[in-house]
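Colleague: Coordinates for the following, if possible.
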Amino acid sequence: MKHEEQVTIKNMYDLDHTEAKALLSSLTFPWEALPMIKDYILDLGAKIDDDPELSARYEKRGEDIWIHKTATVFDSAYIAGPCIIGEGTEVRQCAFVRGSALVGKNCVVGNSTELKNVIIFDNVQVPHYNYVGDSILGYKSHMGAGSITSNVKSDKTLVVVKGNDEYSDINIETGLKKFGAMLGDNVEVGCNSVLNPGSVIGRNTNIYPLSPVRGFIPENSIVKTGNVIVEKK
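Modeller: So this is what the prediction gives:
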């Protein structure tokens with residue numbers, strides 16, 4: 001497999017676990033979806049409204065906000081549209097959903113967690129004090145308490161996806177100023193880690209707590225203290 005292929009949608013995600021399947025299957029790299037999330041959610045919402053069977057499963061709460069009737073949303077949570085909250089998902093106290101958020105089934109959006117312009121696959125947990133912006137979190141991924149996606153570079157230049165060491169040939173210009181992180185399926189991010197702009201984390205990877213992550217991390221890896229990357233045995 002070419003190194004660049006490892007950062008493609010087909011190698012990072014099982015698209016059967018997201019309502020964004022139609023969008024993502026039409027693209028090559030996951031970050032290509034970021035400018036399209038808002039309109040895609042609006043299109044999905046219109047289909048919910050037009051289909052009696054689907055609309056019976058969702059509650060419309062305010063403009064362009066669709067929440068599955070089996071989801072739990074605490075009164076103190078704030079949700080702005082466009083937004084879709086999936087079946088069985090829990091949005092906890094003081095969560096701040098700023099809009100353009102497509103949240104899948106059986107997810108946890110925790111206390112004081114902030115979401116903006118995201119695709120959250122099914123069974124994802126962002127349960128405590130997380131910021132997730134301009135990002136995609138794959139199936140069963142989990143962000144530990146206080147871990148965040150940093151979505152704008154300090155010098156405000158456009159984000160480039162880069163590899164390191166043996167993957168140094170990965171150098172992809174995205175054309176995006178705002179780009180947080182792309183987490184593959186089953187990624188575990190340790191508490192208080194920072195995923196810097198343009199981070200792309202391959203499937204089944206574990207990141208130690210307090211880690212500053214940058215660029216591409218191969219699938220089936222462990223990111224240890226000091227940004228030491230080893231292959232899972």
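
Colleague: Could you tell me the model confidence score at the residue of the chain positioned farthest from its centre?
Modeller: Within the chain, the residue lying farthest from the chain centre (C-alpha atoms, centre = their mean) is residue 52, at 29.5 Å. pLDDT, residue 52: 96.

Colleague: Quick one: residues contacting it.
Modeller: By C-beta atoms under 8 Å, 6 or more residues apart in numbering, no residues touch residue 52. Quick note: C-beta positions are derived from backbone N, CA and C, even for glycine.

Colleague: Distance of it relative to residue 200?
Modeller: Distance, residue 52 to residue 200, using C-beta to C-beta, to the nearest Å: 40 Å.

Colleague: What's the local residue count around the residue lying closest to residue 190 once chain neighbours are set aside?
Modeller: The shortest distance from residue 190 to any non-neighbouring residue, by C-beta to C-beta, 6 or more residues apart in numbering, is to residue 209 (3.4 Å). Residue 209 is flanked by 14 other residues according to other C-beta atoms under 10 Å.

Colleague: A strand includes residue 209, no?
Modeller: No. Per DSSP: H, G, I helix; E, B strand; the rest coil, residue 209 lies outside any strand segment and is coil.

Colleague: gap between it and residue 126?
Modeller: Counting by C-beta to C-beta - residue 209 and residue 126 are separated by 16 Å.

Colleague: Same check on residue 166?
Modeller: Distance from residue 166 to residue 126, counting by C-beta to C-beta: 31 Å.

Colleague: tell me the SS of residue 47?
Modeller: helix.

Colleague: quick one on the thing from earlier: list phi and psi for the residue nearest to residue 190.
Modeller: Note on residue 209: its backbone torsions stand at phi -60, psi 150 [degrees, to the nearest 10].

Colleague: okay, residue 166 and residue 126: which has more neighbours?
Modeller: Of the pair residue 166 and residue 126, residue 126 is the one with more neighbours under other C-beta under 10 Å, namely 30 against 8.

Colleague: From the contact counts, what lies against whatever helix or strand that one lives in?
Modeller: Here residue 126 sits within strand 125-128, counting by DSSP states H and E. Secondary-structure packing of strand 125-128 (3 or more C-beta pairs under 8 Å, 6 or more residues apart in numbering; DSSP states H and E): strand 108-111, strand 142-143.

Colleague: So which of those strands has the densest surroundings on average?
Modeller: Neighbour counts (mean count of other C-beta atoms under 10 Å) averaged over each of the helices and strands packed on strand 125-128 peak at strand 142-143, with a mean of 25.
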